[in-house]
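A.B. asks: Give me coordinates for this.
(chains A and B)
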2 protein chains.
Amino acid sequence: MSLLMHTLHVELGERSYPVYIGRGLLADSQLLARHIAGSQVVIVSNDTVAPLYVEKVRALLGQRKLVTEVVLPDGEQYKTLATLSNIFDRVMAENHNRTTTFIAVGGGVVGDIAGFAAACYQRGVDFIQVPTTLLAQVDSSVGGKTAVNHPLGKNMIGAFYQPRAVLIDTNALQTLPARELSAGLAEVLKYGLICDEPFYRWLQEQMPRLLAREEAVLAEAIERSCSNKARVVAADEREGGLRAILNFGHTFGHAIETAQGYGQWLHGEAVATGMLLALELSARRGGVSLSEVDDFRELLLDMHLPVRAPVDMTAGVFLELMARDKKVVDGRLRLILLKAIGDARIIDDVSESELVDLLNELPAEA
Amino acid sequence: MSLLMHTLHVELGERSYPVYIGRGLLADSQLLARHIAGSQVVIVSNDTVAPLYVEKVRALLGQRKLVTEVVLPDGEQYKTLATLSNIFDRVMAENHNRTTTFIAVGGGVVGDIAGFAAACYQRGVDFIQVPTTLLAQVDSSVGGKTAVNHPLGKNMIGAFYQPRAVLIDTNALQTLPARELSAGLAEVLKYGLICDEPFYRWLQEQMPRLLAREEAVLAEAIERSCSNKARVVAADEREGGLRAILNFGHTFGHAIETAQGYGQWLHGEAVATGMLLALELSARRGGVSLSEVDDFRELLLDMHLPVRAPVDMTAGVFLELMARDKKVVDGRLRLILLKAIGDARIIDDVSESELVDLLNELPAEA
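C.D. replies: The predicted structure is shown next:
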């Protein structure tokens, strides 16, 4: 066993599962195997991650009878029903049955699509998340949201389907491109902003060490993020209420991703800009001070994250795309805004003119 | 309210729902509306059923803001991921949100695909089954199994996803083609064979009246079928054990459907032949008498149902297709066989040579 492992639990009754966080977990010969019930495994990865990690995962599987590797092209633009169909073709052709286990090795795109494939294959087989990007480690691998995109909206086709286990090997972050590290840290900041002010203050202080990839600081950030996420998901698995706060910044962010074509902005980049918009709107409604907004903007700049929407995204484009958001209920857009740092609320009385003002007044990208 | 309505309940905790059975339910202005929470509705039907029933359903919806009709081509060969994708395109283009309700109006194909679409759209929206064929009324509309086919196997991609309500208007059976009536009665016979001997004996007696579509007899057959199904599903929603008995005859039947190309044999026809094979195998293992097998064969002939596999289905073809069945667990085929009429068991020790003998000795279609 690795020496520096922490284990969190997502408490969901019979669907409960552990989240292991530690350095070198992918070298642990027991941890993964213990969560695989049958003799068949499907490893889903992408062409960037597969050369780095798939052999390591295979080495942990021992003498399973049937191991199939499905390597997807890298990129959010491939998170589609067509890619899902290709996965089913491979898995059917190799005769995987209902006892097979899907293992997602990669970032959020791989985890979302592999999880959805597992949810649907023979009406549901086991799956395990091995997230290799920071964003997947702190966000998408925990909580059971799986999906593919539709050309008209992000994550519109999917399922709530919980993994059997999540293995987070913090070593993987040492090979992560800087742009993806920052995108992941945007989601880390989100947890502080919405429900954990002490964590947010700690992140403001520690950001230089996080960007320098200091292992212990990264591990703490991941653990505190997953811990917050596990708590929210346990309280509201299917987003009947509280879980919606995890979408802070995402309604604006999804609109940016959809308008740009998936794969241009990273999800975490779009969420960063989206959170800045949501924070500004929170300030205008008296929730947080304008200096908090300025501090957050400075922090994003230090992280090389975008603080402006793409230049062609007019208020009209935003409003049209936001109207399709999953959080729209009978015509009313529900936004997550902050009453204070660490205190998010679901707000459904933001008027169109408030949004138009907000979107017109903030400078777009040069 | 209609005078002759019976209500059953599928008891699944917070996913419980009513099954209404009666004559003229589609003329009842309250029954459907009471199960629709929002102001948006998607009606999914096919080009055979839509002209007969969609206007009736629309008339029950009152002043909903957004009603979208999706009319699929009729036939099992269209129960595919490609058709599912078309449904999402329509529903996304018309801006349906998470509060929408899908209503399936049609037979088993429509119910399966509309239910799966509802399970995946925005990670799950409400849906209601309005089955218009006997097969859908007694089987596929109750229990929450939804799916599409894969070219290599039937119902391989899907979800367990329960409807909010099932509305069975027995009037619909008066316009059903005779071939579909018989196919549905095959599934009715199944309930008697697997778990309700008195029902089976009653069906043997009443078959002429059922084939003559005597309304009261049909209604009783539907009610007793749904009641058996609701009981089995309540005991084992996700087919961990008992529910597998509902697949009596289906492992053979699915092989026939897959080999013929979906849409050639009706599902109930393939199941009829499959049940005869399973009954014959049960007799060879001492479960039932050979005269029961002969009686059942005669009954199927009276119903104009096929009693022989297609001529090109050799034992080899059967075995290859059955090896892909969802009920295969780690290489062992699990078959449902009868210990006696009304007493089905899950059997996993049937040898390949027993199957080869069975399939070679029974005469194929001329």
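A.B. asks: Tell me the buried residues in stretch A:7-23?
C.D. replies: A:Leu8, A:Val10, A:Tyr17, A:Pro18, A:Val19, A:Tyr20, A:Ile21, A:Gly22, A:Arg23 (16 or more other C-beta atoms under 10 Å in any protein chain shown). Placement of C-beta: from N, CA and C, glycine included.
A.B. asks: Based on its surroundings, how many neighbours for A:Gly107?
C.D. replies: 30 (other C-beta atoms under 10 Å in any protein chain shown).
A.B. asks: show me what contacts the residue nearest to A:Ser289 when sequence neighbours are not counted?
C.D. replies: Distances taken as C-beta to C-beta, 6 or more residues apart in numbering or on different chains place A:Ala283 nearest to A:Ser289, at 6.6 Å, with adjacent residues excluded. Neighbour list for A:Ala283: A:Ser289, A:Leu290, A:Glu292, A:Val293 [criterion: C-beta atoms under 8 Å, 6 or more residues apart in numbering or on different chains].
A.B. asks: B:Asn247 versus A:Ala283, what's the distance?
C.D. replies: 60 Å (C-beta to C-beta, to the nearest Å).
A.B. asks: same deal with A:Leu335?
C.D. replies: In terms of C-beta to C-beta, A:Leu335 sits 47 Å off from B:Asn247.
A.B. asks: Looking at the two, which has the bigger crowd around it?
C.D. replies: Set side by side, A:Leu335 and B:Asn247 show more neighbours around A:Leu335, with 27 against 24, by other C-beta under 10 Å.
A.B. asks: re the thing from before, let me see the mean pLDDT of the helix or strand harbouring the residue nearest to A:Ser289.
C.D. replies: Counting by DSSP states H and E, the element that carries A:Ala283 is helix A:267-284. For helix A:267-284, the mean pLDDT works out to 97.
A.B. asks: next one: stretch A:206-225
C.D. replies: 96.
A.B. asks: same question, stretch A:40-52
C.D. replies: For stretch A:40-52, the per-residue pLDDT averages 97.
A.B. asks: For chain A, which segments count as helices?
C.D. replies: Listed in chain order, the helices of chain A (DSSP state H) span residues A:50-59, A:81-93, A:108-120, A:134-135, A:178-195, A:197-211, A:215-235, A:250-260, A:267-284, A:290-302, A:315-322, A:352-361.
A.B. asks: which residues are contacting the fourth one?
C.D. replies: So the one you mean is helix A:134-135. Under C-beta under 8 Å, 6+ apart, the answer for helix A:134-135 is A:107-108, A:173, A:176, A:180-181, A:183-185, A:187-188, A:218, A:222, A:266-268.
A.B. asks: Quick check: the two most widely separated of these?
C.D. replies: The span of these, defined through C-beta to C-beta, is set by A:Leu218 and A:His267 at 19.1 Å.
A.B. asks: With neighbour numbers in mind, choose between the two.
C.D. replies: A:His267 (29 against 25).
A.B. asks: and which of the contacts of helix A:134-135 is nearest chain B?
C.D. replies: A:Gly108 (15.6 Å; C-beta to the nearest C-beta).
A.B. asks: Just to check, that closest one is in contact with A:Val138?
C.D. replies: No. Taking contacts as C-beta atoms under 8 Å, A:Gly108 lies outside contact range of A:Val138: 10.2 Å.
A.B. asks: Pick out whichever of the two has more residues nearby.
C.D. replies: A count of neighbours by other C-beta under 10 Å puts A:Val138 above the other of A:Gly108 and A:Val138, at 28 against 24.
A.B. asks: confidence score at the more buried one?
C.D. replies: pLDDT, A:Val138: 97.
A.B. asks: Same check on A:Leu333?
C.D. replies: Model confidence at A:Leu333 (pLDDT) stands at 87.
A.B. asks: do A:Gln264 as well
C.D. replies: Reading off the model, A:Gln264 has pLDDT 87.
A.B. asks: Now do the contacts for it.
C.D. replies: Applying C-beta under 8 Å, 6+ apart, the residues near A:Gln264 are A:Glu257.
A.B. asks: A:Leu362 too?
C.D. replies: A:Leu277, A:Glu280, A:Arg308, A:Ala309.
A.B. asks: ranking those by neighbours, who comes first?
C.D. replies: Top of the contacts of A:Leu362 by neighbour count (other C-beta under 10 Å): A:Ala309, with 28 neighbours.
A.B. asks: Is it in contact with A:Thr273, as I believe?
C.D. replies: Yes. A:Ala309 lies in contact with A:Thr273 (C-beta under 8 Å); the separation is 5.9 Å.
A.B. asks: Find residues that contact each of the two.
C.D. replies: In contact with both A:Ala309 and A:Thr273: A:Phe252, A:Ile256, using C-beta under 8 Å, 6+ apart.
A.B. asks: looking at the sheet around A:Leu66, what are its partners?
C.D. replies: On the basis of DSSP bridges, A:Leu66 is bridged to A:Gln40.
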